[in-house]
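Student: test case, fold it:
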Amino acid sequence: MSSTSIPTLQSYASDQLDKAFKELGAELDHETAALRTPEDREQFRLRWLGRKQGRLKSISDAWLKTAPLEARKALGIHFNQLKQQIEQALESGSAADQAPATVTDSIDTTLPGIRPGHGAEHPLIRTMHEIVGVFERMGYSVGVGPEVETDYYNFESLNFPPDHPARDTQDTLVIAGQEQKPLRDRLLLRTHTSPVQIRTMEQQPPPVRIVIPGKVHRNDAADATHSPIFHQVEGLCVDENITFSDLKGTLDHAMKELFGSSVRTRFFPSFFPFTEPSADVQISCIFCGGKGCRKCKHSGWIELLGCGMVNPTVFEFVRGKQPAYDPKKISGFAFGMGVDRIAMMKYGISDIGLLYSGDLRFLEQFA
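Tutor: Coordinates of the predicted model:
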């Protein structure tokens, strides 16, 4: 009998039907016992249940369609029983495929296992830790604060009065539905980590030496050098007799720690509402050693961060909760730098979007 042939049905009498389906059942049992692999079961399924040439299709065409009306009920019962037997054989085989393999003596259990892969720090996180580590070694502690801030902590207490033009430089993402609140209580996504400076001084009398890493948000259009999400590290030092010379020495040491002992720094006058005097800090180009190249626009210098002496007005905002911050007795300096830009410089990254893409092909280079 061929793989698709079926027994000859002499008549539709009950004994003839029993005989024919008994032969089919015996053949099915024989084939089921020989099934070993998923490939065997797939061939078995096609041979019996195939839509075009399967044996059940042949039985249906040869017997069911031509059977007299009075024989169709008994023939249908036999047919359904055979189909159920085929499906049970396939289900039993599938369960066997999914069962865990039994460990036998042929497996060498002394061989080393497969070690799971280890993750690595994201280049942004790695750079942030490097920067923070430099200041920790100088005696600074680490401060953190909420990313959703009030207008008071993000702007007003840092000497950004309402309608001050300096607010326009920080395109702010605000929380919806705040119009009914007083301006100082309205919520927004912080545009810098400076609010943590205010919160720290409110909770702690001087001396304060703190470095503040964190994520900030501004409504910037995304391009190769801008992102609505980026990271900052800011610092604050407050004590008696803190001078601009202390600020210059601190930042010069930090830049040498980050970029090498040959790096030089220079300061240019600038403006920030929360510091007075204020300065922008440039470092000698780390790519050409200050000789001038495309990356430093042939100037030999790269602008890297802003800084200045804490504006006495900022201390006045804090004095309501910490009277020790008397601007006549204490002074301090603050600074802030963009982590993303430093990471791009250190690792030769040309597009800030790569840092936020989550593309493993890019990130695996830093593993």
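
Student: buried residues, the one helix or strand in the chain whose mean pLDDT sits lowest. List them.
Tutor: Lowest on mean pLDDT, DSSP states H and E among the helices and strands of the chain sits helix 72-98, with a mean of 78. Judged by neighbour count using 16 or more other C-beta atoms under 10 Å, the buried positions of helix 72-98 are 75, 78-79, 82, 85-86, 89-90, 93. Every C-beta, even on glycine, is put in place using the N, C-alpha and C of the backbone.

Student: these into TSV, with extra columns for distance to Gln10?
Tutor: What follows is those, written out as TSV (distance: C-beta to C-beta, whole Å):
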residue	distance to Gln10
Leu75	14
His78	15
Phe79	18
Leu82	18
Gln85	23
Ile86	24
Ala89	28
Leu90	31
Gly93	34
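
Student: and of those residues, the nearest to Glu257?
Tutor: Distance ranking of the buried residues of helix 72-98 against Glu257, using C-beta to C-beta, places Gly93 first at 66.2 Å.

Student: just the strands in the stretch 1-150 of the chain please.
Tutor: 141-142, 148-150 (DSSP state E, counting those that start in this stretch).

Student: tell me the contacts of Val134?
Tutor: 254, 257-258 (C-beta atoms under 8 Å, 6 or more residues apart in numbering).

Student: outline the domain layout of this structure.
Tutor: If you go by automatic domain parsing, the domain ranges for the chain are 14-98, 123-366.

Student: closest one to Leu111 among these?
Tutor: Per C-beta to C-beta, nearest to Leu111 of these: domain 14-98, 24.7 Å.

Student: apart from its neighbours in sequence, what residue is nearest Glu234?
Tutor: Excluding its sequence neighbours, the residue lying closest to Glu234 (C-beta to C-beta, 6 or more residues apart in numbering) is Gly336, at 4.0 Å.

Student: still on that earlier bit, using TSV, lay out the contacts of Val134 together with pLDDT and distance to Gly235.
Tutor: Listed next are the contacts of Val134 as TSV, based on pLDDT from 0 to 100; distance: C-beta to C-beta, whole Å:
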residue	pLDDT	distance to Gly235
Ala254	95	9
Glu257	94	13
Leu258	92	13
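
Student: just the closest of the residues you listed to Ser14, please.
Tutor: Closest to Ser14, out of all of the contacts of Val134 and judged by C-beta to C-beta, is Leu258, at 94.3 Å.

Student: one step back: which one of the contacts of Val134 is nearest to Glu156?
Tutor: Nearest to Glu156 among the contacts of Val134, with distances taken as C-beta to C-beta, is Ala254, at 29.6 Å.

Student: what does whichever strand or helix holds the closest one rub up against?
Tutor: Assessed by DSSP states H and E, Ala254 sits inside helix 244-259. Here helix 244-259 makes contact (C-beta under 8 Å, 6+ apart) with 130-131, 134-135, 137-138, 235, 237, 263, 265, 267, 277, 281, 283, 286, 304-305, 307-309, 333, 335, 342.

Student: buried only: go through those for me.
Tutor: For the contacts of helix 244-259, buried by 16+ other C-beta under 10 Å: 130-131, 134-135, 235, 237, 263, 265, 267, 281, 283, 286, 304-305, 307-309, 333, 335, 342.

Student: from the residues you listed, which land in strands?
Tutor: 235, 237, 265, 267, 281, 283, 304-305, 307-309, 333, 335 (DSSP state E).

Student: now tabulate the residues you listed in CSV and tack on pLDDT and distance to Glu149.
Tutor: Putting those into CSV (pLDDT from 0 to 100; distance: C-beta to C-beta, whole Å) gives the following:
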residue, pLDDT, distance to Glu149
Gly235, 96, 19
Cys237, 97, 22
Thr265, 95, 31
Phe267, 96, 29
Val281, 95, 26
Ile283, 94, 30
Leu304, 92, 25
Leu305, 94, 22
Cys307, 96, 22
Gly308, 96, 21
Met309, 97, 24
Phe333, 97, 23
Phe335, 97, 20
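
Student: adding distance to Val144, write these out as CSV.
Tutor: Output for those, formatted as CSV (distance: C-beta to C-beta, whole Å):
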residue, distance to Val144
Gly235, 14
Cys237, 18
Thr265, 27
Phe267, 28
Val281, 24
Ile283, 27
Leu304, 23
Leu305, 20
Cys307, 21
Gly308, 23
Met309, 24
Phe333, 21
Phe335, 18
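
Student: closest one of the residues you listed to Gly50?
Tutor: Distances from Gly50 to these, taken by C-beta to C-beta, are shortest for Leu304, at 72.1 Å.

Student: identify the residue spatially nearest to that closest one, adjacent ones excluded.
Tutor: Ile283 (5.3 Å).

Student: residues touching the one you found, list them.
Tutor: So Ile283 contacts 255, 259, 263-265, 301-302, 304 (C-beta under 8 Å, 6+ apart).
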